[in-house]
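K.L.:
predicted structure and sequence below. I'll ask about it afterward.
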Amino acid sequence: MTPKILSVDDSRAIRMVLKRLFRPFACELFEAGDGEEGLAVATSVKPDLIILDYNMPVMDGVTMLRQMRENPELKRTPVIMLTADASSEIINTVARLGVRDYVTKPFEDAQLLDKVSRVISLNRVEEA
């Protein structure tokens with residue numbers, strides 16, 4: 001089964017970086033620009049992993065995460081949080097909400113791929 005990854009970030013640039021990063025792998029990448037849209041997409045596609053931005057307009061990552069944890073269909077979905085601010089307060093807040101890991105922006109591709117591969121299997125696509 002091809003893993004489904006949902007990228008929720010208000011930065012189109014970050015979503016494009018993630019699209020490029022996961023292109024060589026056998027996975028489906030879905031995108032959302034804020035937490036409200038992210039919840040709708042997550043409810044619809046049931047991703048195997050969500051890469052979630054902390055700070056977004058409309059609905060931030062923590063609010064989305066709280067609502068996910070209250071939803072029986074999404075409460076066990078693994079989340080890796082992206083944050084530009086790695087203060088201990090933020091780390092503790094997202095840890096209490098059950099995130100698998102976090103990555104500080106700007107991030108190294110290899111670092112994010114390593115953290116993602118600890119949650120789901122990433123298999124390279126054979127080049128023809």
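P.N.:
All right, it came through fine.
K.L.:
give the contact list for Arg66.
P.N.:
By CB atoms under 8 Å, 6 or more residues apart in numbering, the residues touching Arg66 are Leu97. No exception for glycine: its C-beta is placed from N, CA and C like everyone else's.
K.L.:
that one: which element?
P.N.:
helix 61-69 (DSSP states H and E).
K.L.:
from the chain's centre, how far out does that helix sit?
P.N.:
Computed by CA atoms, centre = their mean, to the nearest Å, the chain-centroid distance of helix 61-69 equals 12 Å.
K.L.:
let's see it as CSV, backbone CA atoms only.
P.N.:
As requested, the backbone C-alpha atoms of helix 61-69 are provided in CSV (Å, rounded to 0.1, in the frame of the first residue of the first chain):
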residue,chain,number,x,y,z
GLY,A,61,-1.2,23.6,13.9
VAL,A,62,-1.9,23.1,17.6
THR,A,63,-5.6,23.8,17.2
MET,A,64,-5.7,21.3,14.3
LEU,A,65,-3.8,18.8,16.3
ARG,A,66,-6.2,19.2,19.3
GLN,A,67,-9.2,18.7,17.0
MET,A,68,-7.5,15.6,15.4
ARG,A,69,-7.0,14.0,18.8
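K.L.:
how about it: buried residues?
P.N.:
Across helix 61-69, burial judged by 16 or more other CB atoms under 10 Å covers Gly61, Val62, Met64, Leu65, Gln67, Met68.
K.L.:
as a markdown table, those residues with distance to Ile90 and pLDDT would be great.
P.N.:
Listed next are the buried residues of helix 61-69 as a markdown table, based on distance: CB to CB, whole Å; pLDDT from 0 to 100:
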| residue | distance to Ile90 | pLDDT |
| --- | --- | --- |
| Gly61 | 10 | 93 |
| Val62 | 9 | 92 |
| Met64 | 15 | 96 |
| Leu65 | 12 | 94 |
| Gln67 | 18 | 96 |
| Met68 | 17 | 95 |
